[in-house]
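J.: Give the three-dimensional model of this entry:
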Amino acid sequence: MRTVISACLTVLMIAGLAAAQKKPWTEWTKKDVEKTLNDSAWGQTQTEGGSNSSSQSSESAITQVAAQRSADRQLNRQGESGETKPVAYVKYHVRFLSAKPVREAFARQVLLSRPEPDENLTNQLQNFINGNFADYIVISVGVEVGDAKMAGPIMQAFTGATAEALKQNVYLERKDGKKVFLEQYRAPVQDGMGAKFIFKRVLDGQPFLSENDSVRFVAQFNEKMKLNTRYRLSEMQYDGKLEY
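T.: Predicted coordinates:
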């Protein structure tokens, strides 16, 4: 039964993303944006610690028993004042920024934050979407925390990092074990896209990745902070071409 439910959810997720692809990025909904950035072929979420249902970007099917258990846990977190304590979780949103759909999602996110349409801004964002990533693969990592007290040490790890310090601990790995290590690193700035990890797209005269590959992004900052997300390039077709 679980297998059937899982298969149905997968079909629904693929159908939802396909629907977003059929319309211009300027018409994407907030749900389209969140789906592309956080739960798609190009964007995944690694969660550490507890969960927070209000922060989930996609719909999920749960049983009444699971829902009751979630409610019980919520009650247990409440103090005598009736206030709910923050949930201790961290979500790392790991995205292929060099993939066009991710840039479209970020661009649409900016437009949705504006109260009125802005043609000049839309044109600037279209230039960002059309950027040339022929030489590099760029992974961006954003952070979401359930408890604001957790943000400081995590952001310090990102802002204090350098390419030299990370070089041997950050890489892309193909299914055959071949790795390409970090080339450049950009700490988070006020652009909403998080930290950026830059890798060479071509290795030994050949594209590092192809349609037949699966690829793993690994980044270890310290003993407690390690990112490990996997992607299938066969699922990364967009507008008739491979996008990564």
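
J.: alpha carbons only for contacts and neighbour counts from here, please
T.: Will do.

J.: Counting by contacts, list what the longest strand seen in the chain packs against.
T.: Longest among the strand segments of the chain by residue count, using DSSP state E, is strand 136-145. Judged by 3 or more C-alpha pairs under 8 Å, 6 or more residues apart in numbering; DSSP states H and E, strand 136-145 is in contact with strand 89-96, strand 195-200.

J.: Of those, which is nearest Lys23?
T.: Across the helices and strands packed on strand 136-145, Lys23 has its closest neighbour in strand 89-96 (20.6 Å, C-alpha to C-alpha).

J.: circling back to that earlier point, quick one: which of the helices and strands packed on strand 136-145 is nearest Asn228?
T.: For the helices and strands packed on strand 136-145, proximity to Asn228 was assessed by C-alpha to C-alpha; strand 89-96 is nearest, at 9.2 Å.

J.: By mean pLDDT, point me to the weakest helix or strand of this protein.
T.: helix 64-76 (a mean of 39; mean pLDDT, DSSP states H and E).

J.: related to what we said a few turns ago, just how off-centre is the helix or strand that the longest strand of the chain is followed by within its chain?
T.: Next along the chain after strand 136-145, taking DSSP states H and E as the criterion, comes helix 151-159. How far helix 151-159 lies from its chain's middle: 18 Å, per C-alpha atoms, centre = their mean, to the nearest Å.

J.: Stretch 209-223 now?
T.: 13 Å.

J.: So which bits of that stretch are buried?
T.: Across stretch 209-223, burial judged by 16 or more other C-alpha atoms under 10 Å covers 209, 213-221.

J.: so which pair among these is furthest apart in space?
T.: Using C-alpha to C-alpha, the buried residues of stretch 209-223 reach their maximum pairwise distance at Asp213 and Phe221, which is 25.9 Å.

J.: picking up where we left off before, any idea of the mean pLDDT in the longest strand of the chain?
T.: The pLDDT scores in strand 136-145 average 97.

J.: got the CA positions of it in PDB?
T.: Provided in PDB are the C-alpha atoms of strand 136-145 (Å, rounded to 0.1, in the frame of the first residue of the first chain):
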ATOM      1  CA  TYR A 136      30.700  26.100 -14.700                       C
ATOM      2  CA  ILE A 137      28.200  24.100 -12.600                       C
ATOM      3  CA  VAL A 138      26.900  26.200  -9.700                       C
ATOM      4  CA  ILE A 139      25.100  24.800  -6.700                       C
ATOM      5  CA  SER A 140      23.400  27.200  -4.300                       C
ATOM      6  CA  VAL A 141      22.500  26.400  -0.700                       C
ATOM      7  CA  GLY A 142      19.900  28.200   1.300                       C
ATOM      8  CA  VAL A 143      19.200  27.600   5.000                       C
ATOM      9  CA  GLU A 144      15.900  27.500   6.900                       C
ATOM     10  CA  VAL A 145      15.700  27.100  10.700                       C
END
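
J.: What strands line up against that strand, and which way round?
T.: If you go by DSSP bridges, strand 136-145 pairs up with strand 89-96 (antiparallel), strand 195-200 (antiparallel).

J.: Perfect, that will be all.
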